[in-house]
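1. One predicted model, sequence on top.
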Amino acid sequence: MPGLTHWQSPKYMAFFPCNSSFPGMLGEMYSGAFNAAAFNWICSPAVTELETVVMDWVAKLLNLPECYLSAGEGGGIIQGTASEVVVTAVVAARERILRRRYGHLPEGEEKMDMMAVARGKLVALGSEHAHSSTQKAAMIAGTRYRSVPAPQSTNFAVTASALRHTISELQAKGLEPFYFTATLGSTATCAIDALSDIADLAKEYPDLWIHVDAAYAGSALVCPEYQHLCPPLAAFDSFNFNMHKWLLVNFDCSAFFIKRRRDLTDTYTLTPTYLRNEFTDQGLVTDYRDWQIPLGRRFRSLKVWFVLRTYGVKGLRAFLRKHITLGESFHALVESRKDIFTVVTGPAFGLTTFHVNPPPPATPSSPSVPANRPDPRHGAYANDFTQDAEARYREDANQVTKAVFERVNSEGEFFLTPTVVSGIYIIRVVSATLNAEEKWLKRVFDVLVKAAEEITKAKEG
Ligand code: PLP
């Protein structure tokens, strides 16, 4: 079909996947057919009740800490996208800190003025590799935004010391960091911020709302071999992952878990007369409208129910592990041609990132190879690998990698995405699309090798 990208094609290896399934599609169709705006429990009790049940199932499936289950003070709610989750969390975090600082004061102009000044000093934080949704959420919430460095030396992850340093710098300027997005699986490289260390640090900053954005990689927590990442989540305030990315639930479905649902309801509960009813008034029921920004809600839990009941735990684990294994074999292929490529990150959750090695410069300064450089052609750039040579190498590598990427994408057989991390232009290959197969990963590798060889040869010539 013209004008449509086929996200379900096995040759789609770009961004992250948006996997579909027959049960997911059926759930979506039923939801569409019921067509209700179900904002209050009383609108359609089944819509609320099923959502609570399936979100508890999902929390248990991922082995999330118990604080995220509805039986305690927490619970899960389905939102459309991770970006909606993040803005919901940022606004709730802003209101929570203002309540904590000024909630005890009598209502009036004076309190409003003090809160307006305080609001202008609030700073939301995220890794320099956090998805842009955090910065967008800060913009929507009218707060400042500051990124926390996450260099190549830490594998593009935020460390607790980098976070502490940024917080201290801001506090020294009289500003108030109130929110941090920790990323579990960054968009560029699937980096994971140092969750355990950040969980320790969280104890020192009880007013800092820490949200974990695991939009893509969170699905891997279905597999026990990834669940060691879960315990630190107990120290944070909220967590989300997109079931529409890697868990076979048709778009859209972002699972949002909150440790203390009151952190949401204290912000979002406004009950005009037309929304009042005896069940809400008696505090007997959950009204999900009080956990979110919009009023109306879709019956998204149906598609989660359909998918979980169809695939089961074993089926979902097998689905995810297949992609992780494919990612490992693609990574091995890239490693097997160190003369052409340098792996930058991965394999991580089916994602490998790499750059193309540039041809040696016309007038090499020395033939020796610096020991710590994986690319044998590096040696041609400098004897001692001075900053100048490093910069020259980077510029040439970026140029040739971009040219290879553009050649492969313009040929139209495969769809990949590039990005830039710490000045390094990288090509990303994701092996987690629904119909991914070894033969297509081998084929895309051959296509990349051919393009890289031709382009570097032309440059050499
Ligand atoms: N967070 C991460 C880590 C992502 O990779 C993405 C998108 O790929 C998002 C958030 C935004 O997702 P959404 O389209 O659900 O807002």
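-> Now that the structure is in, tell me what you want to look at.

2. Domain-wise, how is this structure divided?
-> 37-298, 315-460 (automatic domain parsing).

3. Now the last one: average pLDDT?
-> Spelled out, that is domain 315-460. Per-region confidence: domain 315-460 scores 88 on mean pLDDT.

4. Is that domain positioned near the ligand?
-> No: residues of domain 315-460 contacting the ligand under C-beta under 6 Å from any ligand atom: none, with a closest distance of 10.2 Å. Backbone N, C-alpha and C define where each C-beta goes, glycine included.

5. Which strands or helices does the helix or strand harbouring A389 pack on?
-> Secondary structure from DSSP states H and E places A389 in helix 387-411. When contacts are defined as 3 or more C-beta pairs under 8 Å, 6 or more residues apart in numbering; DSSP states H and E, helix 387-411 packs onto strand 351-356, strand 417-421, strand 424-430, helix 438-460.

6. ok, 10 Å please
-> strand 341-348, strand 351-356, strand 417-421, strand 424-430, helix 438-460 (3 or more C-beta pairs under 10 Å, 6 or more residues apart in numbering; DSSP states H and E).

7. Tabulate these (CSV), appending mean neighbour count.
-> Formatted as CSV, those follow (neighbours: other C-beta atoms under 10 Å):
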stretch, mean neighbour count
strand 341-348, 22
strand 351-356, 26
strand 417-421, 17
strand 424-430, 24
helix 438-460, 16
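
8. ok, back up a step: please identify which of the domains of the chain is closest to F16.
-> domain 37-298 (4.3 Å; C-beta to C-beta).

9. roughly how far is that closest one from the heart of the chain?
-> How far domain 37-298 lies from its chain's middle: 13 Å, per C-alpha atoms, centre = their mean, to the nearest Å.

10. what does stretch 438-445 give?
-> With C-alpha atoms, centre = their mean, you get 26 Å for stretch 438-445.

11. what sits up against it?
-> 9-13, 322, 325-327, 329-334, 336-337, 341, 352, 408, 413-416, 429, 431, 433, 437 (C-beta atoms under 10 Å, 6 or more residues apart in numbering).

12. Sitting in helices, which of these do you find?
-> Among the contacts of stretch 438-445, the members found in helices (DSSP state H) are K322, T325, L326, G327, S329, F330, H331, A332, L333, V334, V408.

13. Is the fourth one in contact with V430, as I believe?
-> Just to be clear, that refers to G327. Yes: with contact defined as C-beta atoms under 10 Å, G327 counts as touching V430 (7.8 Å).

14. Adding distance to G27 as columns, could you present the helices and strands packed on helix 387-411 in CSV?
-> Formatted as CSV, the helices and strands packed on helix 387-411 follow (distance: least, C-beta to C-beta, whole Å):
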stretch, distance to G27
strand 341-348, 30
strand 351-356, 28
strand 417-421, 29
strand 424-430, 25
helix 438-460, 28
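
15. and K245, which of those is closest to it?
-> Closest among those, once you apply C-beta to C-beta, is strand 424-430, at 10.2 Å.

16. tilt between the closest one and strand 351-356?
-> 140 degrees (axes from the mean of the first three to the mean of the last three C-alpha atoms, to 10 degrees).

17. which helices and strands sit right next to strand 424-430?
-> Partner elements for strand 424-430 (3+ C-beta pairs under 10 Å, 6+ apart): helix 301-335, strand 341-348, strand 351-356, helix 387-411, strand 417-421, helix 438-460.
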